[in-house]
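Undergrad: no sequence for this one, just the structure:
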């Protein structure tokens, strides 16, 4: 719930940093030409924008964590392209609407999502592993060990 007043029936995202409601000129009702097509585009964009992924590097791996509540592992696709690009994609299906249902608010996003990350040179792309537990996807990309720097003593002449 926002403490910021609504202007013209909409919560203003300019004044409310917690609001995800953004004005969309293609939203149904604002464009007599596009109608519901604008809603489809907005919902897909929201799903993509709301797929938040953390990337951390440890001494032996790059670890990606994505919050994907309500998705099964079969609905998520993980790929590594030739040029070391990790791609995480999937689709959150829209809940089936029944004729007698009365919706008061729809905030959960649905639609396709896609995130891409260029992996560094030291990534072992052939050994990528993924696991999904409690709606959190964890992708682990092992790193190649860095060669130990050889230290040798230099004699000072003189």
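TA: Good, I have the coordinates. What you are looking at is a predicted structure, and each value in this text was computed from that prediction instead of being measured.
Undergrad: only C-alpha atoms for contact and neighbour calcs from this point on.
TA: Noted.
Undergrad: confidence score at residue 149?
TA: You'll see residue 149 listed with a pLDDT of 83.
Undergrad: I'd guess it is in a helix, am I close?
TA: No: the assignment for residue 149 (DSSP: H, G, I helix; E, B strand; the rest coil) gives coil, which keeps it out of a helix.
Undergrad: What is the neighbour count of it?
TA: By other CA atoms under 10 Å, 6 other residues sit near residue 149.
Undergrad: how near is it to residue 93?
TA: Distance, residue 149 to residue 93, by CA to CA, to the nearest Å: 51 Å.
Undergrad: what's the answer for residue 147, then?
TA: 46 Å.
Undergrad: Between the two, which is the more surrounded one?
TA: residue 93 (13 against 6).
Undergrad: my guess is the more buried one contacts residue 108, does it?
TA: No: the criterion here is CA atoms under 8 Å, and residue 93 misses it with residue 108 at 10.6 Å.
Undergrad: Residue 126: what secondary structure?
TA: Under three-state DSSP, residue 126 falls in the helix class.
Undergrad: what about it, how many neighbours?
TA: 9.
Undergrad: End to end on stretch 100-117, go ahead and measure it.
TA: 43 Å.
Undergrad: Any buried residues in that stretch, and which?
TA: 109-114 (16 or more other CA atoms under 10 Å).
Undergrad: okay if I get those as JSON lines plus secondary structure, distance to residue 130 and pLDDT?
TA: Below are those laid out as JSON lines (DSSP: H, G, I helix; E, B strand; the rest coil; distance: CA to CA, whole Å; pLDDT from 0 to 100):
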{"residue": "109", "secondary structure": "coil", "distance to residue 130": "24", "pLDDT": "75"}
{"residue": "110", "secondary structure": "coil", "distance to residue 130": "23", "pLDDT": "79"}
{"residue": "111", "secondary structure": "strand", "distance to residue 130": "22", "pLDDT": "86"}
{"residue": "112", "secondary structure": "strand", "distance to residue 130": "20", "pLDDT": "89"}
{"residue": "113", "secondary structure": "strand", "distance to residue 130": "17", "pLDDT": "90"}
{"residue": "114", "secondary structure": "strand", "distance to residue 130": "16", "pLDDT": "91"}
